[in-house]
Every structure is written in C-alpha cells, then in structure tokens.
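S.K.: give the three-dimensional model of this entry:
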Amino acid sequence: MSDPDPLSDIDAVEAVLADESPTTRDGLLVALASNRSRSTAEIAALTGLSSDAVEQWVEALDVEGPPAERDDGGDGDDGDDGGAGRSRFEVVDAAVRSLVKSETIDGITEPVTDVANEFFGTTAVAVYRYDGLRSELVPEIVTPAADARFETEPIAEGGDPWWSAFRSDDPTAVASTELVVPSETLGIVRLGGLNADAVDEIDVRTFRPIATAAIGAIERRRRIRTLEDDRAELKGKNEDLQDFANIVSHDLRNPLSVAEGYLDLAVETGDEEYVQEVEDAHERIDRIIEHTLTLARQGQGIDDAEPVNLELIARRAWRTVETPDATLNVADSMTFDADPDRLRQLFENLFRNAVEHGSTDPDTQDDDSEPGETDDELVVTVGTLEEGNGFFVADDGPGIPASERSRIFERGYTDSDDGTGFGLHIVREIVDAHRWSISVTDSDSGGARFEIDGV
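M.R.: You can find the predicted model right below:
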C-alpha cells in the first residue's frame, strides 16, 4: 500500500496554511490543483477564484498549465527550465511535505534552509516563534550561517524593523542584506546574506507558506513535548496516590491490628506489658503518618534556602532520634545554603537508618545478648567531602550489600519487618529538591557511607 499523500487534496493544504494570508493560500491551492492535472475551470471551482486569477497564478508560480489548455499537447516540457529544474510549486510542495511530517528540529531546519538557498541563495536562516505571554519573538531555529550574521536574542515588542514586519505582516528588507518574512500571528523568518534589492517578489510570496509551515511545525513539536511532560507528571502523581493508598490499606492496618490485639490482652489480663506493646504500635503508626506527609512535601523545590552550619544542624537532628546505643562524631564542618527544616529531616532519616540497621550485626552479638543489643556502641560520623563540595554520613555497622545499593532509595523498599520503606526515599527527595546528588558506598570501617555532593 502506497504512503498516503498529505497534500493530495485542497483540504490538506488549507489545514497546513490555516493561519496564512488569503493571497498566499490561494496561490498554493492553484499550484496544487495544477499539479494534479486540473483544468482552469476545475481549479476555479475548487479555489473560488475567477478563471483569470487562476491563469495569473499559474503563470506567476511557474507551474505546469492545466492539460486541456497546454499549447504543447500536454507534455509540459516547453517551460522556462526545459524540464530540467523544479518549479516553485514543486519546491514548496516538497518542503511543506517534510515540515508536516517533521518531529525534530533538524527535520524542520533542513527543508526551510533548502528552500531559502534555492530561492534566495542563502543558508543564513533564523526562525522565530511569537510568545504571546512574554510579548516577544523567540528564536527556535538558527543555522550556523545565521548565527554568524545575527544577534539571535529574543526580539521584544517595539518599533524595530523585525517587530514592525511581524505586526504589519509585510515582508521587509532590513538594510541591504537581510529579509524578514512574517507569518501573521505565528512568527517570522529572518534571511541574511542576500541582496535584498534583487529579491523577486514572487519568491517572497511563494516562500511565505514555508515560513508558516515551519513555525507551525515548531509549535506542534512544543505542544507534543508539553503533553509528554504533563503525562509523565500525571503518572508520577498517580504513583504517589497509589503509594499513599498502599500505606493506608496495608502499612497502617498492620500496626492497628497489633494494637487492637494487645489492647484486648491488656484488658483481659491487666498486664501493663501489653500496654507498652500498644504504645509501640501507636508510635509506629505515628511514624508512618509522619513519613507519608513528609514524602508528599519533599518533592517541592527549595524556595527558602539560607546559610546552615553542618555540625549544628547534624547535632540538632541527632537529639531527635532515639540513639541509646550510638554515638555521633562530627569530623569537621562547613557552611552552605539549604532549607534548614528539610536538611534536618535528611539527617534524622539517615541517623535513624544507621541506628536501626547498624546495631543489628549478628557477628557482634554475644550468645546471651538480646536481639538489637551489641557489645560495641555504634558510631555515626558526619563530615565534609575532600573536594569540599558536600558532606557525608557514615557508620561502623554492617554496611549495605553492593547488590542492594541501587534499590535502597526506591519508594517502599525495606528489609525490615516494621520498616515503612520511605525513610531513604525521603532522603533522596530532599537531595533532589536541593539539586544535589547522593550515593552510597562503604565507610572506612566497612559500614555504610552516604555522600551528598553538588552542595
């Protein structure tokens, strides 16, 4: 099956040139109909033009005349180019086909530059899109030749010749070497390195559909990219909602069930030991709720960064984490800009992770010790990176296996029966919000070492 021709009928061309001026649109429609072997009467009926106007367009655009009216019997080989070159219509037709199909900037740049070179003998082409929100013309395509000739900064609203050409919708020669071809409300195309006084008006009028199609292709590409970004953002929000639903339906249900069971036992037996179990379950519920709310907040950007001291904020965070069998050591300190509240949350989660996982190494336990008890106190160290662009949090616990390091920051990942799986994920969200980066490796003692750089 042959590839469908996007310009095989008048409706397709009208769609491409929906925003173009009537004069240019009529000219391209006549050229298209002529190329499809229509008679003058048929072209007039299709375009709504008079027969005289059709004949004038056929002559101006240098297209083959309708077959019933050719003097040469219909072979079409007696034109000015002797059949060796392309007519204006063929150039426009091929370019617009490419622009309609283009999905990349290169796919837009090439046909525009080719036509500019064929019509005007230049490859210095800059395509500007009108940004209505900022009231300026924004450069979207700038060829190397144009970059060497133009200052391609956005063109603000004003009285300069580029803006005037855009607002008047009239092609304008700037000095003697530059031509501005506007496309009504869409934007402009700047052509440089030519003799503006020698430019043929027919070439300019025939080039305008190319300008319109090029800027339209750029706008279409931008809209597609915006839709893709919106779709990705929506997918992320749906994943967050699913996470929160899982927390409510599963993670909260488990400690609630535990609390209810021990509460029944406490009522039946009067044993205060069961009351402590209920309290522990409630504390876990509170921690899950805190992590859930924190996760919803941490992805937001940082708007209120201020100078913070590494040692000061680390020690404040340490005081809010239960660390009965651990010691904090601050090797050195630095001052940098950050959100104090969220940075403190980062340290709290890293400290909690170190204490919960670093104090359960089975190799350090006596036969008579209880689970979670160790002979040696865990040491957590905070310090600056050698490069001076960040800090680290390290411990002397069992460390994190290399096979698990790529997963520990994922939402919901945990190797603990009572973990929420959100602690380290929140850490990464805070790091991302600050536009830093985080990695995990072995500490000098074989434990875990989290490095935050780009600070």
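
S.K.: give me the phi and psi for Leu186.
M.R.: Dihedral angles of Leu186 (phi, psi; degrees, to the nearest 10) stand at phi -90, psi -40.

S.K.: next up, the contacts around it.
M.R.: For Leu186, the contact set (C-beta atoms under 8 Å, 6 or more residues apart in numbering) comprises Asp19, Arg129, Tyr130, Ala211, Thr212, Ile215, Gly216, Glu219. All C-beta spots, glycine's among them, are computed from the backbone N, C-alpha and C.

S.K.: so which of those residues sits lowest on pLDDT?
M.R.: Between these, the one the model trusts least by pLDDT is Asp19, at 43.

S.K.: nearest spatial neighbour of Ile141, chain-adjacent residues omitted?
M.R.: Val127 (4.0 Å; C-beta to C-beta, 6 or more residues apart in numbering).

S.K.: which element, helix or strand, includes that neighbour?
M.R.: Assessed by DSSP states H and E, Val127 sits inside strand 124-131.

S.K.: what pairs with that strand, parallel or antiparallel?
M.R.: Pairing partners of strand 124-131, with direction, according to DSSP bridges: strand 136-142 (antiparallel), strand 187-192 (antiparallel).

S.K.: pLDDT on the first one, on average?
M.R.: Over the span of strand 136-142, the pLDDT mean works out to 92.

S.K.: who are the packing partners of the helix or strand following that strand?
M.R.: Downstream of strand 136-142, the first helix or strand assigned by DSSP H and E is helix 144-149. For helix 144-149, the contact count by 3 or more C-beta pairs under 8 Å, 6 or more residues apart in numbering; DSSP states H and E identifies strand 124-131, strand 187-192 as packing neighbours.

S.K.: so what does Arg134 look like in phi/psi?
M.R.: phi -100, psi 0.

S.K.: what residues are up against the residue nearest to it when sequence neighbours are not counted?
M.R.: Nearest in space to Arg134, with sequence neighbours left out and distances taken as C-beta to C-beta, 6+ apart, is Pro154 at 7.6 Å. Listed by C-beta under 8 Å, 6+ apart, the contact set of Pro154 reads Asp131, Arg134, Glu136, Leu137, Val138, Pro139.

S.K.: got it, and Ala354?
M.R.: Ala326, Leu378, Val380, Val393, Asp395, Gly397, Gly447, Ala448.

S.K.: the second one bridge partners, please.
M.R.: What it means is Leu378. Legend: beta-bridge partners of Leu378 under DSSP bridges are Ala326.

S.K.: now it: how far from Leu137?
M.R.: Noted for Leu378: a distance of 62 Å to Leu137, by C-beta to C-beta, to the nearest Å.

S.K.: got it, and the fifth one?
M.R.: Noted for Asp395: a distance of 57 Å to Leu137, by C-beta to C-beta.

S.K.: before we move on, what about Ile408?
M.R.: Distance from Ile408 to Leu137, counting by C-beta to C-beta: 49 Å.

S.K.: repeat for Lys101
M.R.: For Lys101, the distance to Leu137 - C-beta to C-beta - is 26 Å.

S.K.: neighbour-wise, which of those two wins?
M.R.: Leu137 (24 against 11; other C-beta atoms under 10 Å).

S.K.: who's in contact with the more buried one?
M.R.: Per C-beta under 8 Å, 6+ apart, neighbours of Leu137: Tyr128, Arg129, Tyr130, Asp131, Pro154, Ile155, Trp162, Trp163, Phe166, Gly187, Ile188.

S.K.: now the buried members of those residues.
M.R.: Among the contacts of Leu137, the ones that count as buried by 16 or more other C-beta atoms under 10 Å are Tyr128, Arg129, Tyr130, Ile155, Trp162, Trp163, Phe166, Gly187, Ile188.

S.K.: of all those residues, which comes closest to Asp230?
M.R.: Set against Asp230, the nearest of the buried ones among the contacts of Leu137 by C-beta to C-beta is Arg129 (19.8 Å).

S.K.: please name the nearest non-neighbouring residue to the closest one.
M.R.: Leaving aside its sequence neighbours, Arg129 sits nearest to Gly187 (C-beta to C-beta, 6+ apart; 4.6 Å).

S.K.: residue contacts, the one you found?
M.R.: By C-beta under 8 Å, 6+ apart, Gly187 lies in contact with Val127, Tyr128, Arg129, Tyr130, Leu137, Phe166, Ala211, Ile215.

S.K.: so the last one makes contact with Arg129?
M.R.: Translated: Ile215. Yes - using C-beta atoms under 8 Å, Ile215 is in contact with Arg129, at 5.7 Å.

S.K.: what residues are shared contacts of those two?
M.R.: Glu140, Leu186, Gly187.

S.K.: help me confirm that the first one comes into contact with Val127.
M.R.: So the one you mean is Glu140. Yes - the pair Glu140 / Val127 is scored as a contact, 5.5 Å apart, by C-beta under 8 Å.

S.K.: ok, the two, which is more surrounded?
M.R.: Val127 (29 against 20).

S.K.: might one say that that one is in contact with Ile215?
M.R.: Yes - in this structure Val127 lies within contact range of Ile215 using C-beta under 8 Å: 6.3 Å.
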